[in-house]
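Student: model this:
(chains A and B)
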Amino acid sequence: MNTRSIRFRLAAWHAVLLTAVFALLGGLLYATVKRYLDDTLLETQARRARQIAGTLLANAPRTGEAYVVREIKALYDPELSDRFIRVTRGDGSVLYVSGPPNDQSFDPSRVPPAGAGHAAEFTRLERLGDGGSVLIAAFREEAAQGGTYLVEVGTSAGPVDRLARHILELLALGIPLVIAVAAAGGYLLARQALKPVEEIAWKAAIITQHNLSERLPVARTGDELERLSSALNLMITRLDEAFGTSKRFVADASHELRTPLTVIQGELENLAADPQLPAELRDRVGSTLEEVERLGKIVQKLFALSRLDAGEAQAEWVRLDLAALVSATADQMLLLAEDRNIKVTREAGEPVHVMGDRARLKQVVVNLIDNAVKYTPPGGTVRLKVHRDSTHGIIEVADTGVGIPPEAVPLVFERFFRVDRERSTGEGGAGLGLAIVKSICAAHGGRVDVESVVGSGSRFSVILPLAAV
Amino acid sequence: MNLVYGSPDGNRMRILIVEDERKVAEMVSRGLKAERYAVDVADNGDTGWAMAHTYDYDLVVLDLGLPGMDGAELLRRIRGRNSRIPILILTARDATACKVDSFEAGADDYLTKPFAFAELAVRIKALLRRGAADQSSVIRVGDLEINRLTQQVSRAGQRIELTAKEYALLDYLATHPGRVLSRTMIVEHVWDQSFEGLTNIVDVYVRHLRSKVDDPFPVKLIRTVRGSGYRITDEGAP
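Tutor: Residues are numbered from 1 along each chain as shown, chains lettered A, B, ... in the order given. Down below sits the predicted model:
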């Protein structure tokens, strides 16, 4: 799972937000319920305490304390109803305390005295050492004849605590479950919603200058994604038009240049063939002819490039062995290297079959070897190697030449680019050779890479998909 | 339209040029006349068709992009009427598909502009010679002798050892004695189109060939023609 993907982040934010909301709600619910139960319970106890105080203790001096005790036992039967009742006199002595309740949830004798300084009516929670806890409401009664009694009525806090704990347990179990479901749902939902984005991205990735006529899928949903894909399609259309215009321009220009070039070349040839022509003029005509021929070559190469751009290379595809192609081509160029005292070494193992246009792939090899020989000083070596990996056939042409400065490396395959205008002289060099190599490789679904170290040499690697077995 | 009727010399080969670019047509027709061909020019497809089926030509040089009847259509019509006449396509269109279509429609050769006139001349000569008896198996240029059967070369009786490429180069030059062959023609013939970008490959091989064929001898046969190419001849002083 990609943690940077929008759907993951959406789901994560969703989960964090839900956790916060549920924690807040759960906390509030717990506190409210707990408080309500405590209050209700205490209210009941307080009412009872007031009752005992008002009906029995107010008259205690008159009826006698024994009567009060009797009445409490008879009326309230604290043991049977799991209640705690204690009546303390003003001097702190205990008039009455209930016995252990039926359910044994607390021990009344261990409930500490209320202590001094309380208001006439107050409540408290006593946690007893044995684990029991008692909620107590107390009421102080000033009897008519001067006696003061503190009536304490309580009940075990256990049931409320248990209920509260139960709620807490429910929340602790339920919230994570809900969040997990919501997060998973959010993730799936986001994935569903973003699915068209994946499709658009995938399709956009395979659109190159060779298939600009293709368009991205447009989900007819009326949402933001439809707008996005429509906008991208419009952009591709504009690119297509711009590319088309420039391609047509190159094709048209090189086509239109052909006829005048033919005429110039022919007329100059006629002129040069005239035996009456003075030697000096003949030389000048010859020099002009050389340039015309060079111009013609550039026009031809540009035209060839524009055709490669148009994807014409597929016209003559055959299955061929790169090792044999490189070897045969190198044979035909050996003298070119020898002439400059450059050694050509070859490394090739088993045949490496690819699908391609033989003449064009040969052109790739010719251009790379020519380039290597041209930029390698006498005494150097040009190393040719053909090998393969699991999916691609690879031609390597390495030289011990001057190398390419790092800032020029990304540009060497650009049309009309030359590392050093002074360096590449000689006929036909217009800086189109490597551009042609790149275009041919691209037309074959492959690519060409270069690594270079200034002063020690360059290595060009042509990488082409292997033919199906 | 420029009509030039055949000369009284009945042996002259007669060539029809169908080309709408006046200057190209003039240049080609002047060059071919200098080569002692009789030349007619038609500047559109309809005139071309009228002339092709009115007169009896030995060869047609045909442009594809023509006003009126299209060159491809004209090619089919001429071929439909006369199956033997050699037709050479001369065009600015160099797409492979276009070449294939033309050959399928019956063209015999295909040359793209810009071209060297020498190349056109060589190709026309080859087309006209076709069917006639092939060249003898031994070619001689001065005291240089090339045996095409054994691929052995000797000069003034001395055997000369050549590599395969050097032999192919010498053979090509010697097949057209006296004629200037451009570097492009040599590359395309001795190597192939893939090598077209490297015209200096020709210079290197010619230099090596000279070191074997010319350097040891007083008369130099392989001559450089500035701006045009090379030719082999024993005429005149080197």
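
Student: Pull the helix or strand of chain A with the lowest mean pLDDT out as CSV, backbone CA atoms only.
Tutor: When the helices and strands of chain A are scored by mean pLDDT, DSSP states H and E, helix A:60-63 comes last with a mean of 76. Coordinates of each C-alpha in helix A:60-63 appear next as CSV, following Å, rounded to 0.1, in the frame of the first residue of the first chain:
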residue,chain,number,x,y,z
ALA,A,60,-36.3,11.9,69.3
PRO,A,61,-36.1,13.8,72.6
ARG,A,62,-39.8,13.2,73.0
THR,A,63,-40.1,9.6,71.8
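
Student: chain center to the following helix or strand past it: distance?
Tutor: As assigned by DSSP states H and E, the chain's next helix or strand after helix A:60-63 is helix A:65-76. Relative to the chain's own centre, helix A:65-76 is displaced by 78 Å; criterion: C-alpha atoms, centre = their mean, to the nearest Å.

Student: In helix A:65-76, which residues are buried?
Tutor: A:E65, A:V68, A:I72, A:Y76 (16 or more other C-beta atoms under 10 Å in any protein chain shown). For glycine as for every other residue, the C-beta is placed from the backbone atoms N, C-alpha and C.

Student: Spatially, which residue comes closest to the last one, not counting chain neighbours?
Tutor: Excluding the flanking residues, the one nearest A:Y76 by C-beta to C-beta, 6 or more residues apart in numbering or on different chains is A:I85, at 6.2 Å.

Student: Helix or strand: which one has that neighbour?
Tutor: strand A:83-89.

Student: got a list of contacts for the helix or strand following that strand?
Tutor: Following strand A:83-89 in sequence order, the next helix or strand is strand A:94-97 (DSSP H and E). Under the contact criterion C-beta atoms under 8 Å, 6 or more residues apart in numbering or on different chains, strand A:94-97 has outside partners A:E65, A:V68, A:V69, A:I72, A:I85, A:R86, A:V87, A:T88, A:R89, A:P108, A:S109, A:Y149.

Student: Now do the helices in the stretch 301-450 of chain A.
Tutor: Here the stretch 301-450 of chain A has its helices, by DSSP state H, counting those that start in this stretch, at A:322-339, A:358-374, A:433-443.

Student: correction: chain B
Tutor: B:22-34, B:45-54, B:71-81, B:96-104, B:117-129, B:164-175, B:183-190, B:200-213 (DSSP state H).

Student: Just send the ones you listed back as CSV, with mean pLDDT and mean neighbour count too.
Tutor: Formatted as CSV, these follow (pLDDT from 0 to 100; neighbours: other C-beta atoms under 10 Å in any protein chain shown):
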stretch, mean pLDDT, mean neighbour count
helix B:22-34, 90, 19
helix B:45-54, 91, 18
helix B:71-81, 90, 18
helix B:96-104, 86, 14
helix B:117-129, 87, 19
helix B:164-175, 91, 20
helix B:183-190, 86, 21
helix B:200-213, 92, 19
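
Student: Just give the nearest non-adjacent residue to the residue nearest the centre of chain B, would you?
Tutor: With distances taken as C-alpha atoms, centre = their mean, B:V122 lies nearest the centre of chain B, 1.9 Å away. Residue nearest to B:V122 in three dimensions, not counting chain neighbours: B:H176, with 5.9 Å by C-beta to C-beta, 6+ apart.

Student: measure the one you found to chain A for me?
Tutor: 15 Å (C-beta to the nearest C-beta, to the nearest Å).

Student: Next, the contact list for that residue, please.
Tutor: Contacts of B:H176 by C-beta under 8 Å, 6+ apart are B:V122, B:R231, B:I232.

Student: And for A:N270?
Tutor: Contacts of A:N270 (C-beta under 8 Å, 6+ apart): B:M27, B:R30, B:G31, B:A34, B:F117.

Student: of those residues, list those near chain A.
Tutor: Contacts with chain A are made by B:M27, B:R30, B:G31, B:A34, B:F117 out of these, judged by C-beta under 8 Å from any C-beta of the partner chain.

Student: of all these, which two lie farthest apart?
Tutor: B:M27 and B:A34 (11.0 Å; C-beta to C-beta).

Student: shaky segments in the stretch 101-250 of chain A?
Tutor: Within the stretch 101-250 of chain A, the segments meeting pLDDT under 70 span A:144-146, A:209-210.

Student: Quick one: the strands in it, in order.
Tutor: Secondary structure of the stretch 101-250 of chain A (DSSP state E, counting those that start in this stretch): strands located at A:121-127, A:133-142, A:148-156.

Student: from the ones you listed, which stretch is densest packed?
Tutor: strand A:148-156 (a mean of 24; mean count of other C-beta atoms under 10 Å in any protein chain shown).

Student: Quick one: distance of that one to the chain centre.
Tutor: Relative to where its chain is centred, strand A:148-156 has its mean C-alpha point 67 Å off (C-alpha atoms, centre = their mean).

Student: Paired strands for that strand, with orientation please.
Tutor: Sheet pairing of strand A:148-156 (DSSP bridges) gives strand A:83-89 (antiparallel), strand A:133-142 (antiparallel).

Student: Let's see the pLDDT reported for the closest residue to A:V462 other than its chain neighbours.
Tutor: Closest residue to A:V462 apart from its sequence neighbours, by C-beta to C-beta, 6+ apart: A:I395 at 4.3 Å. Note on A:I395: pLDDT of 96.

Student: I'd guessed A:I395 sits against A:D321; true?
Tutor: No. Using C-beta atoms under 8 Å, A:I395 is not in contact with A:D321; the gap is 11.6 Å.

Student: Who has more neighbours out of those two?
Tutor: Taking neighbours as other C-beta atoms under 10 Å in any protein chain shown, A:I395 and A:D321 compare with A:I395 leading, 27 against 18.

Student: got the CA positions of stretch A:381-397 in PDB?
Tutor: C-alpha atoms of stretch A:381-397 as PDB (Å, rounded to 0.1, in the frame of the first residue of the first chain):
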ATOM      1  CA  THR A 381      40.200   1.500 -29.100                       C
ATOM      2  CA  VAL A 382      36.600   1.200 -30.000                       C
ATOM      3  CA  ARG A 383      34.900  -1.700 -28.200                       C
ATOM      4  CA  LEU A 384      31.700  -3.300 -29.600                       C
ATOM      5  CA  LYS A 385      29.700  -5.600 -27.500                       C
ATOM      6  CA  VAL A 386      26.300  -7.300 -28.100                       C
ATOM      7  CA  HIS A 387      24.600  -9.000 -25.300                       C
ATOM      8  CA  ARG A 388      21.100  -9.400 -23.800                       C
ATOM      9  CA  ASP A 389      19.200  -9.400 -20.500                       C
ATOM     10  CA  SER A 390      15.900 -11.100 -19.900                       C
ATOM     11  CA  THR A 391      13.900  -8.700 -22.000                       C
ATOM     12  CA  HIS A 392      16.200  -6.600 -24.100                       C
ATOM     13  CA  GLY A 393      19.000  -6.900 -26.600                       C
ATOM     14  CA  ILE A 394      21.900  -4.500 -26.000                       C
ATOM     15  CA  ILE A 395      24.500  -3.100 -28.400                       C
ATOM     16  CA  GLU A 396      27.400  -1.300 -26.700                       C
ATOM     17  CA  VAL A 397      29.800   1.000 -28.500                       C
END
